[in-house]
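Peer 1: Please find the sequence and the predicted model below.
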Amino acid sequence: MRGILKAYNITDRKVFVADSFEGLPKPEYKEDKGDTHHTFGDILAVSKEQVQENFRKYDLFDDQVVFLKGWFKDTLSNAPINKLSILRLDGDMYGSTMDALLSLYPKLSGGGYCIIDDYYLPNCKKAVDDYRKENNINSPIIKIDSDSVYWKK
């Protein structure tokens, strides 16, 4: 996303990178009971410094990129985000996905897009489906690939 902003010389928008940089949290929601994602930190964790270095490699690390380090439940509700045009979530679990939707979906502008990377993981799908049902979201879900979907708000 930062590359697109740079390519089109868009300077009035920011890209928020929210991540624990430590893998996934231990399950807290009942829907995640038995989930083992948190045991794969050595595979799923990429340090904030490594991600920043990847931005630097392509000359994309600047004040338009904002890092929010921590669990979604702790960082997103107070994040310095007023409005989003694209919301891309990669929470894998029910709790992480629901925490992100609760905090950020209300900030997604009408006409904006919500992209869910792991919709076909059962707990993630349940969180998305529960959130959409509870909030009367009827926009069609469009399949991207074997894992991901999106819809237009």
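Peer 2: Received the coordinates, thanks.
Peer 1: How many residues are close by residue 139?
Peer 2: Residues lying near residue 139 (other Cβ atoms under 10 Å) number 12. Just so you know, the C-beta spots here come from the backbone N, C-alpha and C atoms, and that holds for glycine as well.
Peer 1: So it, which state does it fall into?
Peer 2: Here residue 139 is recorded as coil under DSSP: H, G, I helix; E, B strand; the rest coil.
Peer 1: That one: what's its closest spatial neighbour, skipping adjacent residues?
Peer 2: Spatial nearest neighbour of residue 139, excluding adjacent residues (Cβ to Cβ, 6 or more residues apart in numbering): residue 151 at 4.2 Å.
Peer 1: That neighbour pairs with what?
Peer 2: residue 114 (DSSP bridges).
Peer 1: State the pLDDT value of it.
Peer 2: pLDDT, residue 151: 98.
Peer 1: Could you do residue 44 as well?
Peer 2: Note on residue 44: pLDDT of 77.
Peer 1: before we move on, what about residue 29?
Peer 2: 84.
Peer 1: Then the one 5 residues further on?
Peer 2: On the pLDDT scale, residue 34 is placed at 84.
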